[in-house]
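Enquirer: The amino acid sequence is not available; the structure is as follows:
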Ligand code: 13P
Ligand code: SF4
């Protein structure tokens, strides 16, 4: 641990804070976190947290979800402008208009949405539970899946369940090409290709397994295979390598980087714990409706 990390650990105790970090953020941030996980795992942790302060090392929608699930906590997003371009592709107003046009549809929102958008939908999902959530909708009921057309199509194909899709996507995962996968396979013969389901369906079809980031970590831990090509944001490689010293992990080329996930720094976390800002605040009406959609997701068995 460096001096800054030690200072953060001290402040964390003083502030009765819990630090949650996404698998994509830089490793020094993962090291000072109480919990590191994918979007679903972070939501579940936030729902169970009884800390006075929650520090979210990730992007805004993750901090908003933590605030929904832990409304009495002070939720800090140390880098206030760490957003998710995909979350901005479906506004609450646009989703309300879509509801008016498709009144019979169940609207499922990927958790990568703003709280204002979650407030307009029936249920949320993450990449870790999307198949379960889609399957929970009664057969024959039309579904509108938003904002990620890639995740929607990948789930639809696996479940053989037609859906209507929004036209959004994660620009980072959408930019992963078949050629990048083929080049990596040629360079690392025999390595298994793990891909995130935010990638385009034809690229997912060229990989061996589509998994959330948490799913990748679990799969690798339990697998007998020794080498893996990782087709998602490169931040996850730190944790994969750290937790699996006997195994090899190869990134795609060019490297897949989400610049929003890389905005947060240790200095920002330290300052946020000192100043107790920037805080995430949600209007009570939006929060109540958005929480319903997130709770339905967590409660779906
Ligand atoms: P998961 O970690 O839930 O798989 O999501 C990836 C992602 O892009 C989060 O922004
Ligand atoms: Fe959003 Fe994609 Fe970055 Fe995840 S990787 S935060 S989906 S832009």
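Expert: Nice, I can see it. Please read these numbers as outputs of a predicted model, since none were measured by experiment. Numbering: from 1, shown residues only. Ligands and ions are numbered 1, 2, ... in the order given.
Enquirer: show me the contacts for the closest residue to ligand 1 within the stretch 51-200 of the chain.
Expert: For the stretch 51-200 of the chain, the residue closest to ligand 1 is residue 127, as judged by C-beta to the nearest ligand atom, at 4.0 Å. No exception for glycine: its C-beta is placed from N, CA and C like everyone else's. Counting by C-beta atoms under 8 Å, 6 or more residues apart in numbering, residue 127 touches 38, 39, 40, 110, 151, 196, 197, 198, 211, 212, 213, 215.
Enquirer: That one belongs to a helix?
Expert: No. Assigned with DSSP: H, G, I helix; E, B strand; the rest coil, residue 127 falls outside any helix and is coil.
Enquirer: Nearest residue to residue 85 in space, please, no chain neighbours.
Expert: In space, residue 85 comes closest to residue 171 once its chain neighbours are excluded; the distance is 5.5 Å by C-beta to C-beta, 6 or more residues apart in numbering.
Enquirer: my guess is that neighbour contacts residue 87, does it?
Expert: No. Residue 171 is beyond contact range of residue 87, at 11.8 Å (criterion: C-beta atoms under 8 Å).
Enquirer: Kindly check the end-to-end length of stretch 89-106 for me.
Expert: Stretch 89-106 has an end-to-end distance of 19 Å (C-alpha to C-alpha, to the nearest Å).
Enquirer: which parts of that stretch are buried?
Expert: 89, 90, 91, 92, 95, 98, 105, 106 (16 or more other C-beta atoms under 10 Å).
Enquirer: Filtering the residues you listed by proximity to ligand 1, which remain?
Expert: With C-beta under 6 Å from any ligand atom as the criterion, these include none near ligand 1.
Enquirer: of all the residues you listed, which comes closest to ligand 2?
Expert: Looking across the buried residues of stretch 89-106 and measuring by C-beta to the nearest ligand atom, the closest to ligand 2 is residue 89, at 9.9 Å.
Enquirer: Quick one: residues contacting that closest one.
Expert: Residue 89 neighbours (C-beta under 8 Å, 6+ apart): 147, 166, 167, 168, 169.
Enquirer: go with 10 Å
Expert: 112-113, 117, 146-149, 166-171 (C-beta atoms under 10 Å, 6 or more residues apart in numbering).
Enquirer: Could you do residue 104 as well?
Expert: 141, 142.
Enquirer: Just say helix, strand or coil for it.
Expert: Per three-state DSSP, residue 104 ends up coil.
Enquirer: and if you look at residue 120?
Expert: coil.
Enquirer: Nearest spatial neighbour of it, chain-adjacent residues omitted?
Expert: Nearest to residue 120 is residue 95, by C-beta to C-beta, 6+ apart, at 4.1 Å.
Enquirer: Strands of the stretch 51-200 of the chain, start to end?
Expert: In the stretch 51-200 of the chain, the segments counted as strands under DSSP state E, counting those that start in this stretch are 53-57, 74-76, 106-110, 123-125, 143-146, 164-165, 192-195.
Enquirer: and those strands, which is most packed in?
Expert: Most buried of those, by mean neighbour count (mean count of other C-beta atoms under 10 Å): strand 53-57, with a mean of 28.
Enquirer: so what secondary structure elements neighbour that strand?
Expert: helix 3-14, strand 17-22, helix 27-32, helix 39-48, helix 60-69, strand 74-76, helix 266-275 (3 or more C-beta pairs under 10 Å, 6 or more residues apart in numbering; DSSP states H and E).
Enquirer: avg pLDDT for that strand?
Expert: In this model, strand 53-57 has a mean pLDDT of 97.
Enquirer: And for the closest residue in space to residue 285 that isn't next to it in sequence, the neighbour number?
Expert: Excluding the flanking residues, the one nearest residue 285 by C-beta to C-beta, 6+ apart is residue 119, at 7.6 Å. When neighbours are defined as other C-beta atoms under 10 Å, residue 119 has 24 of them.
Enquirer: Just read off the phi/psi values of residue 119.
Expert: Dihedral pair for residue 119: phi -60, psi -20, per degrees, to the nearest 10.
Enquirer: thought it was touching residue 99?
Expert: No. Under the criterion of C-beta atoms under 10 Å, residue 119 is not in contact with residue 99, lying 11.5 Å apart.
Enquirer: so what's residue 280 up against?
Expert: With C-beta under 10 Å, 6+ apart, residue 280 has these contacts: 54, 56, 60, 62-68, 73-77, 80, 115.
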